[in-house]
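Engineer: No sequence on hand, only this structure:
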């Protein structure tokens with residue numbers, strides 16, 4: 001029932017236009033729309049509450065949702081020049097760190113505090129900051145001679 005109710009979401013289908021960092025930036029915003037939505041948070045609470053009685057439920061959720069999103073971001077990061085200190089690390093590890101930096105605070109607050117409301121402007125700034133911290137500066141396009 002859980003698998004049938006999940007929308008077929010893939011975050012790797014972000015637009016390719018713009019600099020390479022535009023794809024992960026767009027994907028992280030898309031992930032925010034899905035992962036921090038009230039219905040999704042209610043589902044996460046349910047899965048956490050039921051994990052003792054149905055351990056397979058949590059595993060299935062992790063495989064279907066968490067793994068796919070992390071894999072999508074890892075694939076996108078392969079096309080981006082990472083900061084030198086991150087080069088050589090497995091893309092999946094970098095994707096996990098990036099997702100944690102962007103979403104862990106708001107996600108935990110939403111799970112535990114019914115009065116918390118994410119601030120989209122602050123989340124977008126956090127996404128931009130994370131991209132700037134993880135991705136090397138992009139080369140400027142040469143300007144056409146006039």
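Structural biologist: Yes, it's here. Quantities reported herein were computed from a predicted structural model and do not represent experimental measurements.

Engineer: quick check, residue 137 in a strand?
Structural biologist: No: using DSSP: H, G, I helix; E, B strand; the rest coil, the assignment for residue 137 is coil, not a strand.

Engineer: next one: phi and psi at it?
Structural biologist: phi -60, psi 140 (degrees, to the nearest 10).

Engineer: For stretch 69-80, the averaged confidence score.
Structural biologist: Here stretch 69-80 scores 89 as its mean pLDDT.

Engineer: whoops, stretch 111-127 was the one
Structural biologist: Averaged across stretch 111-127, pLDDT comes to 96.

Engineer: Only the buried residues of that stretch, if you could.
Structural biologist: For stretch 111-127, a neighbour-count test (16 or more other CB atoms under 10 Å) marks 123, 126, 127 as buried. Backbone N, C-alpha and C define where each C-beta goes, glycine included.

Engineer: Could you work out the end-to-end span of that stretch for me?
Structural biologist: Taking CA to CA, to the nearest Å as the measure, stretch 111-127 stretches 20 Å from start to finish.

Engineer: Determine how far it lies from the middle of the whole chain.
Structural biologist: Distance, stretch centre to chain centre, for stretch 111-127: 14 Å (CA atoms, centre = their mean, to the nearest Å).

Engineer: Ok, stretch 131-138 next?
Structural biologist: So, by CA atoms, centre = their mean, the centroid of stretch 131-138 is 16 Å from its chain's centroid.

Engineer: and if you look at stretch 24-41?
Structural biologist: 7 Å.

Engineer: next one: stretch 59-77
Structural biologist: Centroid separation for stretch 59-77 versus its chain: 9 Å, with CA atoms, centre = their mean.

Engineer: which residues touch the strand or helix carrying residue 122?
Structural biologist: Element membership of residue 122, judged by DSSP states H and E, is helix 120-134. Outside helix 120-134, the residues that touch it by CB atoms under 8 Å, 6 or more residues apart in numbering are 21, 24-25, 28-29, 32, 36, 77, 82-83, 86, 94, 97-98, 101-102, 106.
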